[in-house]
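Visitor: Compute the structure for the input listed below.
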Amino acid sequence: MPAQPAADATTADATTTETTTTGTTTAAAAAVDAADGQPLVARTKKYALEHLAPAALRTDREGVSRDTVEDLRGLGLLNHLAPPRFGGAGLDRHADRRLHEVLAYADLNVWLIWAQHAPAVARIAGTPPTGAGGTHPLVEPVLRGEVLIGAALSDVRRYPTGHLTARRTRDGWVLNGTVSWFSGWGLSEAAILAAVDPESEDVVLALIPIDEHFRATPLELQAVTGSRTERVRVLDAVVPDASVLAVKPLADWRHDDISTAGNAGPQFFGLGRRILDEIADEPHGGGVADAWLPYLRSLRARAYELADAALDGGDPDASLTARLSLKVRAREALTTLSRALVVARAGRGLPADDTAQLHARAVLFLQVQGQTRTERAAQLDSIADSVPRLP
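Guide: Numbers count the residues shown, from 1 in each chain. Okay, the predicted model is just below:
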């Protein structure tokens, strides 16, 4: 039987304080740990450990189900970042990070679909209540958690090739092009799209229903195969002005994207802790887990500290190099840990139905998920600089 997580795994206790390698307490990591005491986080954790984690291998084979989406809806996870008047939980960023950690620990396929949706809800919630946002027909259903959203934003990074284009009409826009990756296809009822107007070089952010203007082609991914990720062609999708959430200069979009993508997100630390817990359960794995857990905690603490500093008024450009460095280190740590789990299981870790292979594939996905050109260069520079020397 494939190894499964212990029932009390992932859990830094609510009273745990994370420290960096210098022993300095970081308030950001401690606040994430303290979020375990919040009812929504506690319910999600229980559901994730009891239902998602044991089924992760099957989900990777068969795909995330509608029943799982309904479970997430029932927990309140489809609108937890919406304002309370729409039924939102009113969570702060620390509790939101903890939710990401818990779901990534349990099943990265489920996390990926949910992680496309949840930030989009937050973005929509921040849309001004006047103008297009105030009259958008999908805004209220989304904020109430009634509609699952897929996101197609990253192709803007590929401009001037391989992106969605936006053409201005008298009372809106027409979108065309190919979305490279769309997770949750067949489950999502609407999409938040980012397209570039080549004439003005503005980015148009729109929320529209998925209809006959969308055509999907399966992607034979070797990682997160249960995430229902497909390539989607958008054909003459008409977007009235009322469905536009924002129009932003391309230069500003790129600047914000590079800064946001520069953070090591909670999915790294959720999956990393899952792998460490499974290593610790192996006969000779305790030494690896004991050696690497403090380092993973230190990366997490520092990453959250720097991300919060940028969000709370610090200069995000000044900290970008340090934040990217931490993200590169987090990716390298996951690579090492997934390899260690295979080694610890020996031949048992090679079949496709073992979680060692599931996690190894998930780690490969996280090597490129959310990757900007700046980040790719930092990753490759790190690999080039880490060639070992023979004695």
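
Visitor: What ranges does the stretch 151-300 of the chain have for its strands?
Guide: Counting by DSSP state E, counting those that start in this stretch, the stretch 151-300 of the chain forms strands over residues 165-169, 172-182, 190-197, 202-209, 214-218, 230-240, 244-249, given from the N-terminal end onward.

Visitor: so who does Ile279 touch?
Guide: For Ile279, the contact set (Cβ atoms under 8 Å, 6 or more residues apart in numbering) comprises Gly285, Val288, Ala289, Leu337, Ala340, Leu341, Ala344. Heads up, the C-betas are built off the backbone N, CA and C, glycines and all.

Visitor: Tally up the residues packed near the nearest residue to His94 once chain neighbours are set aside, please.
Guide: Nearest in space to His94, with sequence neighbours left out and distances taken as Cβ to Cβ, 6 or more residues apart in numbering, is Ala31 at 3.8 Å. Other residues near Ala31 come to 18 when the count uses other Cβ atoms under 10 Å.

Visitor: pretty sure Ala31 is touching Arg98, no?
Guide: No. The pair Ala31 and Arg98 does not pass the contact test of Cβ atoms under 8 Å, sitting 9.0 Å apart.

Visitor: ok so, going back, surely the residue nearest to His94 is within a strand?
Guide: No. According to DSSP: H, G, I helix; E, B strand; the rest coil, the state of Ala31 is helix, so it is not within a strand.

Visitor: Gly313 versus that one, what's the distance?
Guide: 17 Å (Cβ to Cβ, to the nearest Å).

Visitor: ok, back up a step: any idea how far the residue nearest to His94 is from Arg329?
Guide: Distance of Ala31 to Arg329, computed by Cβ to Cβ: 22 Å.

Visitor: Show me which helix or strand of this protein is least confident by mean pLDDT.
Guide: For the chain, counting by mean pLDDT, DSSP states H and E, helix 132-135 ranks last in confidence among helices and strands (a mean of 48).

Visitor: Give me the contact list for the next helix or strand after that helix.
Guide: With elements assigned by DSSP states H and E, the helix or strand that comes after helix 132-135 is helix 139-143. Helix 139-143 has contacts (Cβ under 8 Å, 6+ apart) with 79, 82-83, 86, 88, 120-121, 124-125, 127, 133, 147, 149, 190, 207.

Visitor: From those, pick the one nearest Ala42.
Guide: Minimum distance to Ala42 across the contacts of helix 139-143 is 17.4 Å, recorded for Gly88 (Cβ to Cβ).

Visitor: Ramachandran coordinates for the closest one?
Guide: Backbone torsions of Gly88, given as degrees, to the nearest 10, read phi -70, psi 160.

Visitor: contacting residues for it?
Guide: By Cβ under 8 Å, 6+ apart, the residues touching Gly88 are Asn79, His80, Leu81, Ala82, Ala125, Leu143.

Visitor: Among these, show me the least confident.
Guide: The pLDDT minimum for those sits at Ala125, where the score is 90.

Visitor: that older thread, deepest in the core, which of the strands of the stretch 151-300 of the chain is it.
Guide: Looking across the strands of the stretch 151-300 of the chain with neighbours counted as mean count of other Cβ atoms under 10 Å, the highest average goes to strand 190-197: a mean of 24.

Visitor: Show the pLDDT at Thr19.
Guide: Looking at Thr19, its pLDDT is 44.

Visitor: Also Thr127?
Guide: You'll see Thr127 listed with a pLDDT of 77.

Visitor: On the three-state scheme, it is what?
Guide: Secondary structure state of Thr127, per three-state DSSP, is coil.

Visitor: Please look at it and Ala246 and confirm they touch.
Guide: Yes. Contact status for Thr127 versus Ala246: in contact at 7.4 Å, counting by Cβ under 8 Å.
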